[in-house]
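Undergrad: 3D model of this:
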Amino acid sequence: MDALPAAADYNAVAIAKVTKEAGRSDSSKKVHKAMRKSYLAFCAHLKVDPFVVDQTTAAHVAKFYKFRTKNNELGLSTSKNISAEMGIYFDELGYHGPWTTGDIDGKIFVNGNPNESKPVADNKRTHKIKLAGQGRVAVPMDPLEYGHRCSYYDHFLADQRDVSPNHLLPVGGDHGRDVQLNAL
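TA: Residues are numbered from 1 along each chain as shown. A predicted model of the protein is given here:
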C-alpha cells in the first residue's frame, strides 16, 4: 500500500484538481488552458478581478460565453468547452453547486458556482436557439406535440389493447401542450 500523506500535507482541492487533469486528453488540457487564459484576459479587459466572486460574477460569465462564442456564432462544442472550464475554474475557487444570491440586512451574499446561474443558462439557451434556427443543432421533438400524436400512437400504443387515440386528446386547451394519457 502506498504511503499516505501526513495530515498537514493533505489538500483535497489540489488532489481533486490533479485527478481531473489526469483524466483529460492532451488536446482537452490545451483547450481548457486557453479558455482559462481567455477568461482572465476578458476579466482584465472589463477591469474585474477574476478571483473575486460577487453578485455580478454570473453576468460576467454570461458575457464571456457570448464573447467566446463570437456572439453565439460558433458551435456547441465551444460552448461545452467554456462551460467545462468555467465550472472547473469556480470549483477551484471554492464555489460549488447551484448559484444563489441573497440580501440579508443590506449585505449581499453569493453561494454556488456562477457557471450554474440563470444568466449563464439563458445565454446557453439563446445560443442553442440561434444554432437550431440555422439548422446546426438538432431540435428535440416532443412526441406528444400536436401533429406527432398519431405517429406516437402508431409507434408506442397501436399494439396495446384498450387504448384508443382518444386518450391522446388535449386537456384544457387546443394547443396540445397538456395531454391526457389515461391508458398509460
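
Undergrad: wait, residue 82 touches residue 66, no?
TA: No - in this structure, residue 82 is not within contact of residue 66 by C-beta atoms under 8 Å, at 10.1 Å. C-beta: built from backbone N, CA, C; applies to glycine.

Undergrad: more neighbours: which of the two?
TA: Each of residue 82 and residue 66 has its neighbours counted (other C-beta atoms under 10 Å); residue 82 has more, 27 against 13.

Undergrad: quickly find the element holding residue 101.
TA: strand 100-104 (DSSP states H and E).

Undergrad: after that strand, which helix or strand is next? Please name it.
TA: Next in sequence after strand 100-104, counting helices and strands by DSSP H and E, comes strand 107-111.

Undergrad: how close does residue 51 get to residue 110?
TA: 14 Å (C-beta to C-beta, to the nearest Å).

Undergrad: these two: who's more crowded?
TA: More neighbours surround residue 110 than the other of residue 51 and residue 110, with 17 against 9 (other C-beta under 10 Å).

Undergrad: next, count neighbours for the residue lying closest to that one once chain neighbours are set aside.
TA: Excluding the flanking residues, the one nearest residue 110 by C-beta to C-beta, 6 or more residues apart in numbering is residue 101, at 5.1 Å. Residues within reach of residue 101, counting by other C-beta under 10 Å, total 16.
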